[in-house]
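1. Structure for this input, please:
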Amino acid sequence: MLSQSQRAAILEMHAQKQSSRVIARMLKVSRWSVREVLRLGTTEVPALERAEICEPYRQQILELLPRCKGNLVRVLEELTASGVTLSYSALTAFCRRHGIGQTPKVAAGQYVFPPGSELQHDTSPHKVEVAGKFYKAQTASAVLCYSRMLFFQIYPTFTRFDCKVFLTEALRYLGGSPRRVEIDNTHVVVLRGTGRAMVPVPEMAAFAERYGFQFAAHELGDANRSAHVERQFDHIENNFLAGRSFASWLEMNQQARE
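-> Residues are numbered from 1 along each chain as shown. Here you go, the predicted structure:
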């Protein structure tokens, strides 16, 4: 079930004459979901029906949740493999209604990002299986704050050169450059200082100038300032990487673009 913000992004991109295929690829959702939102023409999340259809499988769901690291997509796959016929919307509705695997969220504040104002970039370590071997890799992620469009790639290491390659590919993939790229005080970009006092390495400042944006760093301890990009790492680990192995780094990153 798409969230209200996802529905708003779909309607906004459609108003900008983007095709359903492009919208689905950029937002990492199915084209059927995009068409359904466009048909309804509203950001309202429709009420789910027949949520209690999952009641006979409550115990299985409770047992599968920890094994699948709380990932309901994986829970549904395991249920389907055991012969259970359920829709994903019915499963998520059931879990929400009964508080299964749910942690109440309290808003810490709000940031407003006009279109084209900011892209958030960060990296996170992940364990990946490539050509039958496990590696501790670095996942680089870039998210446009207004539309939530995501681009990510996975590297054996992440140097300053890798950062420039990644951001170049990200801007091409996302179709443009924002006014600001928010980072997490990474030494790959930062020469000295933190937060508003951050001074980028001259090489990176020149790179940013070439593409028409400026690097900015959030204050130390203000992780919520980069919430858009931080949130995507959970999706990458528990959806893209969960239970998958890849023949090569190239294959893995090609799949990340799809």
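2. Work out which residue lies at the spatial centre of this structure.
-> In the chain, the centroid-proximal residue (CA atoms, centre = their mean) is Gln232; its distance is 3.0 Å.
3. Could you check which helix or strand contains that residue?
-> helix 227-235 (DSSP states H and E).
4. what is the rounded mean pLDDT of that helix?
-> Averaged across helix 227-235, pLDDT comes to 78.
5. do the same with stretch 203-213
-> 95.
6. Do I have it right that the residue nearest to the centre of the chain meets Cys145?
-> No. Under the criterion of CB atoms under 8 Å, Gln232 makes no contact with Cys145, lying 11.7 Å away. In this view, the C-beta of every residue, glycine as well, is placed from N, C-alpha and C.
7. And Gln120, how close does it get to Arg180?
-> 9 Å (CB to CB, to the nearest Å).
8. of the two, who's got more company?
-> Between Gln120 and Arg180, Gln120 has the larger neighbour count (other CB atoms under 10 Å), namely 26 against 18.
9. Of all the helices and strands in this structure, which has the lowest average confidence?
-> Ranking every helix and strand in the chain by mean pLDDT, DSSP states H and E puts helix 227-235 at the bottom, with a mean of 78.
10. ok now that helix, how far from the chain's centre?
-> Counting by CA atoms, centre = their mean, to the nearest Å, helix 227-235 is centred 5 Å from the centre of its parent chain.
11. Which residues does it contact?
-> 28, 111, 120-122, 124, 126, 139, 141-143, 145, 148, 150, 152, 182, 223 (CB atoms under 8 Å, 6 or more residues apart in numbering).
12. And for stretch 157-170?
-> With CB under 8 Å, 6+ apart, stretch 157-170 has contacts from 119, 121, 123, 138, 140, 142, 151, 153, 155, 181, 188-189, 201, 203-204, 207, 211.
13. Apply 10 Å and report the result again.
-> For stretch 157-170, contacts defined as CB atoms under 10 Å, 6 or more residues apart in numbering pick out 119, 121, 123, 125, 136-144, 149-153, 155-156, 177, 181, 183, 186-189, 201, 203-204, 207-208, 210-211, 213, 215, 253, 257.
14. how about it: buried residues?
-> Along stretch 157-170, these residues count as buried under the neighbour rule (16 or more other CB atoms under 10 Å): 158, 162-164, 166-167, 169-170.
15. Can you tell me the element Thr139 falls in?
-> Going by DSSP H and E, Thr139 is in strand 133-144.
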